[in-house]
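Chemist: build me a structure from this.
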Amino acid sequence: MEQLLEILNSLHPDVDFETHDSLIDDKVLDSFDIVTLISEINNEFDVAIPAEEIIPENFNSAEALYELIERLED
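Modeler: Predicted coordinates:
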């Protein structure tokens with residue numbers, strides 16, 4: 001989770017990713033951020049996020065995103 005928080009903080013250092021749970025709904029993350037996140041997650045965690053998993057529910061919070069990464073690692 002710490003690695004993911006570092007990636008997110010590099011995108012938006014002014015956001016508290018540990019508590020914010022509507023990153024997409026509140027437009028904190030935009031499409032460019034999502035593309036960057038997918039690339040960084042692929043590099044850092046060695047998981048490929050399939051297109052069908054690129055939905056707001058999976059990117060609305062750091063916790064949801066980390067759960068997605070764990071699910072894809074299995």
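Chemist: what's the top helix by length along the chain packed up against?
Modeler: For the chain, the helix with the greatest residue count under DSSP state H is helix 31-45. Identification of packing neighbours for helix 31-45 by 3 or more Cβ pairs under 8 Å, 6 or more residues apart in numbering; DSSP states H and E yields helix 2-11, helix 62-73. In this view, the C-beta of every residue, glycine as well, is placed from N, C-alpha and C.
Chemist: now render these as CSV, adding mean pLDDT, distance to residue 24 and mean neighbour count.
Modeler: Listed next are those as CSV, based on pLDDT from 0 to 100; distance: least, Cβ to Cβ, whole Å; neighbours: other Cβ atoms under 10 Å:
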stretch, mean pLDDT, distance to residue 24, mean neighbour count
helix 2-11, 97, 13, 15
helix 62-73, 97, 10, 16
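Chemist: residues contacting the spatially most central residue of the chain?
Modeler: Among the residues of the chain, residue 65 comes closest to the average C-alpha position under Cα atoms, centre = their mean, at 4.6 Å. Going by Cβ atoms under 8 Å, 6 or more residues apart in numbering, residue 65 touches 4, 8, 37, 41, 58-59.
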